[in-house]
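J.: A predicted structure for the sequence below; I have some questions about it.
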Amino acid sequence: MQRISVNVKSLKAKLLELEKDGMELAELHFVPNQVDGGDMNPAFLHLDGISKSGVYKDYESIDEYSIVQYLMLHLAS
């Protein structure tokens, strides 16, 4: 199983936006990290909302949050 770590505040903001727009379902897409033109792009979680009538709305994405960076930042304090 693949996994991704994202910032809780960012995820909550996206979910609140879906709820505010009256979406009934959230479709989550995990996109693994990729190398593009020699640059490493982080993995990300892409969200789509689906209404009762079946209309999809793009809610963009949330980049992966590095656990190593998080620990280094918070353990150093």
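T.: Cool, the structure landed. On a predicted model such as this, the values are computed, not experimentally measured, just so you know.
J.: mind listing what His46 touches?
T.: By Cβ atoms under 8 Å, 6 or more residues apart in numbering, the contact list for His46 reads 28-29, 31, 60-61. In short, each C-beta sits where N, CA and C put it, glycine included.
J.: run the chain-centre distance for the least confident helix or strand in the chain by mean pLDDT.
T.: The weakest-scoring helix or strand in the chain, judged by mean pLDDT, DSSP states H and E, is helix 67-75 (a mean of 79). How far helix 67-75 lies from its chain's middle: 19 Å, per Cα atoms, centre = their mean, to the nearest Å.
J.: repeat that for stretch 21-37.
T.: The mean C-alpha position of stretch 21-37 is separated from the chain mean by 6 Å, Cα atoms, centre = their mean.
J.: buried sites along that stretch?
T.: Met23 (16 or more other Cβ atoms under 10 Å).
J.: what are the buried residues along the helix ranked longest in the chain?
T.: Identified as the longest helix of the chain according to DSSP state H is helix 8-20. For helix 8-20, burial by neighbour count (16+ other Cβ under 10 Å) applies to 14, 18.
J.: and it, what does it pack against?
T.: Packing contacts for helix 8-20, counted by 3 or more Cβ pairs under 8 Å, 6 or more residues apart in numbering; DSSP states H and E, involve strand 44-50, strand 56-63.
J.: between the ones you listed, which gets nearest to Lys9?
T.: Lys9 lies closest to strand 56-63 among the helices and strands packed on helix 8-20, at 10.0 Å (Cβ to Cβ).
J.: just want the angle from the longest helix of the chain to strand 56-63.
T.: When axes from the mean of the first three to the mean of the last three Cα atoms, to 10 degrees is applied, the directions of helix 8-20 and strand 56-63 differ by 170 degrees.
J.: quick one: mean pLDDT over helix 8-20.
T.: For helix 8-20, the mean per-residue pLDDT is 97.
J.: run the chain-centre distance for it.
T.: 10 Å.
J.: and after it, which helix or strand comes next?
T.: Where DSSP states H and E defines the elements, the next helix or strand beyond helix 8-20 is strand 25-31.
J.: many thanks, I have nothing further to ask.
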